[in-house]
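**Q** what follows is a protein structure lacking sequence information:
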């Protein structure tokens, strides 16, 4: 069993490395294919200075040489200097912006998981009751409304009209509540729906009916038997959810003037800062795939059938 698990995870790790290589290569090719020049933004630059800047950053080398140097630097995690921010490196920009996005994302993730599981559990336990209808309405609102509209509504009602919370900036815990709520709205709705549908399916299984027939209270049935079996689809969704939430929402960080990694990425795209775009894209991809990989590990530990399926696939 342990050998099967190790073999399955080893294959997934190899796929992770190959996927990262494909993302890095594709990003490099696309960045050099799009029109524009990072050194010519608002005013013309003399050809002599432009040639000197190309030589300084190695952009006058053949494409294959630039590609080889790019992969070599990735292996040592040297993402190079920023073209637009003098004296700044991409590593420094990520080190400065990511902790902000991480703090905001963890708060939003905590809200999304807690609220989603609660809404989904209540909806499944009290099917067709007012709790179910409330959860369905909340989920529909979270899925239907884009997060920038939710952010604007939160700012208007809670910050401007009621003056309960700060409207923007990043100065205290109170400043994190509105953006965290805006980011958590969509994943809360998805988790609630996944939990509801999965729990309803588990509640109809024979062993649950047997437990109810023995006189167990509904609360005991849910916590002892239903949740563990119903959480597998939610655990699967937590991988990409964690990466997307923790790395931050570009639009939300702009709306609330939060100096996270999304702020730097948007600025680099508008300024054609190639090294920042490449570095942040690879960092995002690495974070996403690593989260998915660890979710696969958790999934295998929760459900041994995954390991057995992996063992049979080799035969």
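**A** Sure, I can see it. Keep in mind it's a predicted model, so treat the numbers as computed, not measured.

**Q** ok, and the closest non-adjacent residue to the residue nearest the centre of the chain?
**A** Note on the chain: the residue nearest the mean C-alpha position is residue 244, at 1.2 Å, using Cα atoms, centre = their mean. Excluding the flanking residues, the one nearest residue 244 by Cβ to Cβ, 6 or more residues apart in numbering is residue 288, at 7.4 Å. Where you see a C-beta, it was placed from the backbone N, CA and C, and this is true even at glycine.

**Q** isn't the residue nearest to the centre of the chain right up against residue 285?
**A** No. Counting by Cβ atoms under 8 Å, residue 244 does not reach residue 285; the two are 11.9 Å apart.

**Q** ok, back up a step: number of residues surrounding the residue nearest to residue 244?
**A** When neighbours are counted by other Cβ atoms under 10 Å, residue 288 registers 20.

**Q** heads up, I number from 59, so please use that
**A** From this message on, residue numbering opens at 59, which makes the last subject residue 346.

**Q** give me the helix or strand of this protein that scores worst on average pLDDT.
**A** One helix or strand of the chain scores below all others by mean pLDDT, DSSP states H and E: helix 363-370, with a mean of 51.

**Q** re earlier: just the element for the residue nearest to residue 302, please.
**A** Assigned by DSSP states H and E, residue 346 falls within helix 332-360.

**Q** re earlier: distance check, the residue nearest to residue 302 against residue 231.
**A** Distance, residue 346 to residue 231, by Cβ to Cβ, to the nearest Å: 27 Å.

**Q** and what of residue 255?
**A** 35 Å.

**Q** and those two? Which one has more around it.
**A** Under the neighbour definition other Cβ under 10 Å, residue 255 and residue 231 were set side by side, and residue 255 has more, 15 against 9.

**Q** whichever strand or helix holds that one - contacts with which helices or strands?
**A** Taking DSSP H and E as the definition, residue 255 sits inside helix 232-261. Helix 232-261 sits against helix 148-183, helix 188-202, helix 205-212, helix 285-288, helix 290-304, helix 308-313, with contacts defined as 3 or more Cβ pairs under 8 Å, 6 or more residues apart in numbering; DSSP states H and E.

**Q** does residue 348 touch residue 74 like I think?
**A** Yes. Using Cβ under 8 Å, residue 348 is in contact with residue 74, at 7.3 Å.

**Q** distance check, residue 148 against residue 216.
**A** 36 Å.

**Q** who's more crowded, the two?
**A** residue 148 (27 against 17).

**Q** for residue 352, see how far away that one is.
**A** 25 Å.

**Q** can you list the domains in the protein?
**A** The chain is divided into the following domains under automatic domain parsing: 59-142+329-373, 155-326.

**Q** lowest average pLDDT across the ones you listed?
**A** Among the domains of the chain, domain 59-142+329-373 carries the lowest mean pLDDT, a mean of 79.

**Q** ok, the residue nearest to residue 171 when sequence neighbours are not counted - how many residues close by?
**A** Closest residue to residue 171 apart from its sequence neighbours, by Cβ to Cβ, 6+ apart: residue 249 at 6.4 Å. Using other Cβ under 10 Å, the number of residues around residue 249 comes to 27.

**Q** in contact with residue 249, which residues?
**A** Shown in contact with residue 249 (Cβ atoms under 8 Å, 6 or more residues apart in numbering): 170-171, 173-175, 178, 292, 295, 299.

**Q** are we agreed that residue 228 is in a strand?
**A** No. Residue 228 sits outside any strand when classified using DSSP: H, G, I helix; E, B strand; the rest coil, being coil.

**Q** show me what contacts the closest residue to residue 146 other than its chain neighbours?
**A** Once flanking residues are discounted, residue 146 sits nearest to residue 140: 4.5 Å by Cβ to Cβ, 6+ apart. Taking Cβ under 8 Å, 6+ apart, we find residue 140 in contact with 146-148, 151, 326, 331, 333-334.

**Q** try residue 142
**A** 96, 325-326, 329, 331, 334.

**Q** 10 Å instead?
**A** Neighbouring residues of residue 142 by Cβ atoms under 10 Å, 6 or more residues apart in numbering: 96-97, 99, 325-326, 328-334.

**Q** list buried residues within the residues you listed.
**A** Buried residues within those, defined by neighbour count using 16 or more other Cβ atoms under 10 Å: 96, 326, 329-334.

**Q** that's all I had, so thanks and see you.
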